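Colleague: With the input below, show me the fold.
(chains A and B)
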Amino acid sequence: DAGVTQSPTHLIKTRGQHVTLRCSPISGHKSVSWYQQVLGQGPQFIFQYYEKEERGRGNFPDRFSARQFPNYSSELNVNALLLGDSALYLCASSVDRRHEKLFFGSGTQLSVL
Amino acid sequence: DQQVKQNSPSLSVQEGRISILNCDYTNSMFDYFLWYKKYPAEGPTFLISISSIKDKNEDGRFTVFLNKSAKHLSLHIVPSQPGDSAVYFCAASAKNTGTASKLTFGTGTRLQVTL
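Modeller: I've put the predicted structure just below:
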């Protein structure tokens, strides 16, 4: 079975632009979470989606939004990009929102110039 | 406010010896703890976990110890192998956040296993 897949793997944007990142969870997993990892830090929780609804949100501005589709895949959107948004964005899936064991994708490396 | 702390940014251990990675936390509501391993250009991979109702969990060469009174956990790898060289993240979850998938991660410890 395929693991968590994310696209694109790398992305370069300029300040003020908008970006959309995509994630497909492991088959059978209904919960998708997004994390941001800045260089030298651990991943930081952004969102969790379960059954197409937001179930948890971290300390991120409203420029960050996400959604989950009927097939449980997910998109993360970031508007009005700032230089500080440069990071590795990780998607993780789990069976459901009660499970702490997350399976991560390889991430999307976003560079904002 | 760093609720999960890994105070050693790096650790070097000889092959065959024991590797001990440490993690401290401050939030007493954390009730589930996990260790993840991360290789360059890959996402974190789940290694082992422990519930707050236990003080030890073992899986092959990997053992996690939890000391709730000290708010401290450690990961022991015995024997260490060159393939264990990676960045290790400690993570914690709290039921009162409403979602178990909200993990709080430490900053990681880079383990290098030398020949």
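
Colleague: what residues are up against residue 2?
Modeller: This is for chain A. A:24, A:26-27 (C-beta atoms under 8 Å, 6 or more residues apart in numbering or on different chains). To be clear about C-beta, it is placed using only N, CA and C from the backbone, and glycine gets the same treatment.

Colleague: To clarify, I was referring to chain B.
Modeller: B:26, B:106-107.

Colleague: try residue A:60
Modeller: Residues in contact with residue A:60 (C-beta under 8 Å, 6+ apart) are A:36, A:46-47.

Colleague: what about 6 Å?
Modeller: By C-beta atoms under 6 Å, 6 or more residues apart in numbering or on different chains, residue A:60 lies in contact with residue A:46.

Colleague: Let me know how buried residue B:115 is, in neighbour terms.
Modeller: 6 (other C-beta atoms under 10 Å in any protein chain shown).

Colleague: Can you tell me the SS state at the nearest residue to residue B:55 once chain neighbours are set aside?
Modeller: Among residues not flanking residue B:55 along the chain, residue B:66 sits closest, at 5.2 Å (C-beta to C-beta, 6 or more residues apart in numbering or on different chains). When classified by DSSP: H, G, I helix; E, B strand; the rest coil, residue B:66 comes out as strand.

Colleague: And for the one 4 residues further on?
Modeller: Secondary structure for residue B:70, judged by three-state DSSP, is coil.

Colleague: Check residue A:84 too.
Modeller: On the basis of three-state DSSP, residue A:84 is classed as helix.

Colleague: That one and residue A:46: what is the separation?
Modeller: Distance of residue A:84 to residue A:46, computed by C-beta to C-beta, to the nearest Å: 14 Å.

Colleague: out of these two, which sits in the more crowded spot?
Modeller: Neighbours were counted for residue A:84 and for residue A:46 using other C-beta under 10 Å; residue A:46 has more, 23 against 8.

Colleague: pLDDT score for the more buried one?
Modeller: Per-residue pLDDT puts residue A:46 at 96.

Colleague: which stretches of the chain have low pLDDT?
Modeller: Looking at chain A here, since you left the chain open. Applying pLDDT under 70 to chain A picks out residues A:1, A:97, A:99.

Colleague: try again with chain B
Modeller: For chain B (pLDDT under 70), the answer is B:96-100.

Colleague: Return the residues of it in contact with chain A.
Modeller: Contact residues, chain B versus chain A (C-beta under 6 Å from any C-beta of the partner chain): B:32, B:42-44, B:46, B:89, B:93, B:99-102, B:105-108.

Colleague: Can you name the residues bridging to residue B:45?
Modeller: Beta bridges link residue B:45 to residue B:37 when assigned by DSSP bridges.

Colleague: Over to residue B:73?
Modeller: Applying DSSP bridges, one finds that residue B:73 bridges with residue B:23, residue B:66.

Colleague: same thing with residue A:94?
Modeller: Taking DSSP bridges as the rule, residue A:94 bridges to residue A:31.
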